[in-house]
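1. Sharing a model that was predicted from the sequence below.
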Amino acid sequence: MSSKRRLEQYLASWAQGDPAREAVQQLITAISAAGIRLSKVIAAHDSTDQVQTAAEQQNPLDLIAHNIYETALRELPLSFLASEECDELQVLDPQGQFGVAIDPLDGSSNIETNLSIGSIFSILEARADELYDIELGDRQTAAGFLLFGPQTRLILSCGEGTVVFLLDPASEQFCEVCEALRIPPGKYEFAINTSNYRFWDSSLRHFIDDCIAGEEGALGENFNMRWNAALVAETYRILMRGGVFLYPCDSRPNYQSGRLCLLYEALPMAMLIEQAGGAASDGSQRILDMKLSSLHARVPLVFGSQDRVREVIDYISGEALNSGRFPLFVNRSLLRN
């Protein structure tokens, strides 16, 4: 792995001595180093005696992860730190140029079953006092996530494509493993938690029904379904294999505006997906065009290859049915109302 370009070399080539980019480089370097420390903590963590908690309750490792990243970032020139583990925005330097939003440990409910988890981050060129006035995508300079699985990987975009780095345990260096990613189009794979089917809007149920119907359905293709319950793992699979990911709003209390956080989850993933040639939407609006209504504002999220995302949006809007593009729409699967 020594012949591969290291993360520090990639960032130096990207920054090219520009002071603003060098500041972003410093932040990414600190986040990646903290991620390496966190990967060691996770590897040594014994969850067998841990009391099972509801999905929305805080896992002890969530707080540990937050503290690791906060310690790494607090001493850097940073306008603010927004963490999913903190109720309030932490204002560090009111005049600072860049802020960091982070989900320190995504998918922590997967720990006890030894499945992939990770950390998601976004670097925004914004002061704390203007965070609610900007179109977030216009100010997102870099985004990425660390994936802790069989290997530790860093998926990163600085606005010039989406790149994957692999952690070499011997040298504790992240090394580039492939050229900039391009999401494969036309793949017949969808990711959604079908246990919530009964709470969805009928238009979304129609789409899933037609995926399940396979070649005999309106879409005319056999689909596979995947669901890992960790956004980092779902995103990485989409980046590598294509298809579409859906986490819709539904009729349950606290889910009617979606469940994923715009700032810490949807926003950084949208940048990574778009930089790899895909699309990310809340079902009607591009994620990167959205503004923040509150620190922990939640949104529905659909992302993947452009053709698959457009397909979902057409179902949600009713355009697919109204246009007559899918003449088999009148057919009903066993799951359709």
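-> Received it, and whenever you're ready, just let me know what you need.
2. all helices of the stretch 101-250 of the chain, in order?
-> Assigned by DSSP state H, counting those that start in this stretch, the stretch 101-250 of the chain shows helices spanning 136-139, 202-213, 231-241.
3. okay, those in TSV with distance to Ala30 and mean pLDDT next?
-> Heads up, the C-betas are built off the backbone N, CA and C, glycines and all. Shown next, in TSV, are these (distance: least, CB to CB, whole Å; pLDDT from 0 to 100):
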stretch	distance to Ala30	mean pLDDT
helix 136-139	20	97
helix 202-213	40	97
helix 231-241	19	98
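4. Would you tell me which of the ones you listed gets closest to Asp314?
-> Of all those, the one in closest proximity to Asp314, counting by CB to CB, is helix 202-213 (8.8 Å).
5. Can you name every helix or strand that the closest one contacts?
-> Under the contact criterion of 3 or more CB pairs under 8 Å, 6 or more residues apart in numbering; DSSP states H and E, helix 202-213 touches helix 306-317.
6. quick one: buried residues of the helix it packs on?
-> By 16 or more other CB atoms under 10 Å, the buried positions in helix 306-317 come out as 308-316.
7. neighbours around Ile117, how many?
-> When counting by other CB atoms under 10 Å, one arrives at 27 neighbours for Ile117.
8. Could you do Pro150 as well?
-> Other residues close to Pro150 by other CB under 10 Å number 7.
9. So for it, what's the pLDDT?
-> pLDDT, Pro150: 93.
10. a markdown table for the buried residues of helix 306-317, including pLDDT and distance to Glu160?
-> Shown next, in a markdown table, are the buried residues of helix 306-317 (pLDDT from 0 to 100; distance: CB to CB, whole Å):
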| residue | pLDDT | distance to Glu160 |
| --- | --- | --- |
| Arg308 | 97 | 24 |
| Val309 | 97 | 22 |
| Arg310 | 97 | 25 |
| Glu311 | 96 | 28 |
| Val312 | 97 | 28 |
| Ile313 | 97 | 27 |
| Asp314 | 97 | 31 |
| Tyr315 | 96 | 33 |
| Ile316 | 95 | 32 |
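11. Just put the helices of the stretch 101-250 of the chain in a markdown table and tack on distance to Arg182 and mean neighbour count.
-> Converted to a markdown table, these look like this (distance: least, CB to CB, whole Å; neighbours: other CB atoms under 10 Å):
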| stretch | distance to Arg182 | mean neighbour count |
| --- | --- | --- |
| helix 136-139 | 20 | 18 |
| helix 202-213 | 23 | 21 |
| helix 231-241 | 9 | 23 |
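12. for the helix or strand harbouring Phe303, which positions count as buried?
-> Secondary structure from DSSP states H and E places Phe303 in strand 301-304. Buried residues in strand 301-304, counted by 16+ other CB under 10 Å: 301-304.
13. still on that earlier bit, which of the buried residues of helix 306-317 sit farthest apart?
-> Arg308 and Ile316 (12.9 Å).
14. got the domain boundaries for the chain?
-> As assigned by automatic domain parsing, the chain contains the domains 7-176, 189-330.
15. between those, which one is nearest to Ile183?
-> domain 189-330 (4.3 Å).
16. In this protein, which residue is most central in space?
-> Nearest to the mean C-alpha position of the chain, by CA atoms, centre = their mean, lies Met269 at 3.5 Å.
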